[in-house]
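In: take a look and give me a structure for this.
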Amino acid sequence: MIVSTCQPYFAPYPGFFSKIVRSDTVVVMDAVQFPRGTTWLTRNRFKGHQGTLWMTVPVWKKGRGFQRICDVDICYDEQWARKHLTSLKTVYKHAPFFGDHEPFLEDIFSKKFERLVDLNKAIIGYLMKHLDISATLLLLSDLAIETKESLLTVEICKKVGASRFMAQKSAGKFLDQETLKKEGIELELFVPRSVIYPQLWGPFIPNLSSFDLLFTCGPGARDILTKV
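Out: Predicted coordinates for the structure are as follows:
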């Protein structure tokens, strides 16, 4: 079984799924520390007539010190969800497949998820479904693993019964490759490629949210994602 790990990004870009599509099981790293600065966990980029369109999910930080990702709560003091939904409808209303996903957007932005990880996991699951990715998602917080890196990856593999661990080549230097080998776990490193596809609104902008890919390419998104 091939396992990989990921952080629960908000509406992640297509390259995020290039590792997941190669995996049988993906462990979402929600029990690690939430970053103190800007992070892809709470924001991502879409595209409008003026170019890049940023969307951010506000979360509670003040007075909470260091938090694990799984403990971060969403702030609903502002009407950000309604504004995001209105923006998406405005800039993507002419996208060929936007209507296929509009009901999901209306549903996800009308719910009030308490925890950030639950919102992001729901979105990631939806994107996986429509990119035809069948990997199983598990939360690190559900695995009862107390070990920290550099042995955390080894313990994750042992916990889920993985024989192979998939990671981007750039992450190889952070992994305990010797211990993985000693435990009989094969390490697979790969270099993700750029995902290029037709977009609305002028010149191509790389690494937008995967929703941009789905809105414009629909059922063809999977082939674009996995094209060699």
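
In: name the SS class of Ala167, please.
Out: strand (DSSP: H, G, I helix; E, B strand; the rest coil).

In: how close does the residue nearest to it when sequence neighbours are not counted get to Leu214?
Out: Take Ala167 and drop its neighbours on the chain: the residue closest to it by C-beta to C-beta, 6 or more residues apart in numbering is Leu189, 5.9 Å away. Every C-beta, even on glycine, is put in place using the N, C-alpha and C of the backbone. Note on Leu189: its distance to Leu214, by C-beta to C-beta, to the nearest Å, is 28 Å.

In: okay, buried residues for the helix of greatest length in the chain please.
Out: When the chain is parsed with DSSP state H, its longest helix is helix 116-130. Neighbour-count burial for helix 116-130 flags Leu116, Val117, Asp118, Leu119, Asn120, Lys121, Ile123, Ile124, Tyr126, Leu127, Met128, His130 (criterion: 16 or more other C-beta atoms under 10 Å).

In: do stretch 43-55 as well
Out: Under 16+ other C-beta under 10 Å, the buried positions of stretch 43-55 are Arg43, Asn44, Arg45, Phe46, Lys47, Leu53, Met55.

In: which helices and strands sit right next to the longest helix of the chain?
Out: Counting by 3 or more C-beta pairs under 8 Å, 6 or more residues apart in numbering; DSSP states H and E, the packing neighbours recorded for helix 116-130 are helix 17-20, strand 25-28, helix 98-110, strand 136-139, helix 210-217.
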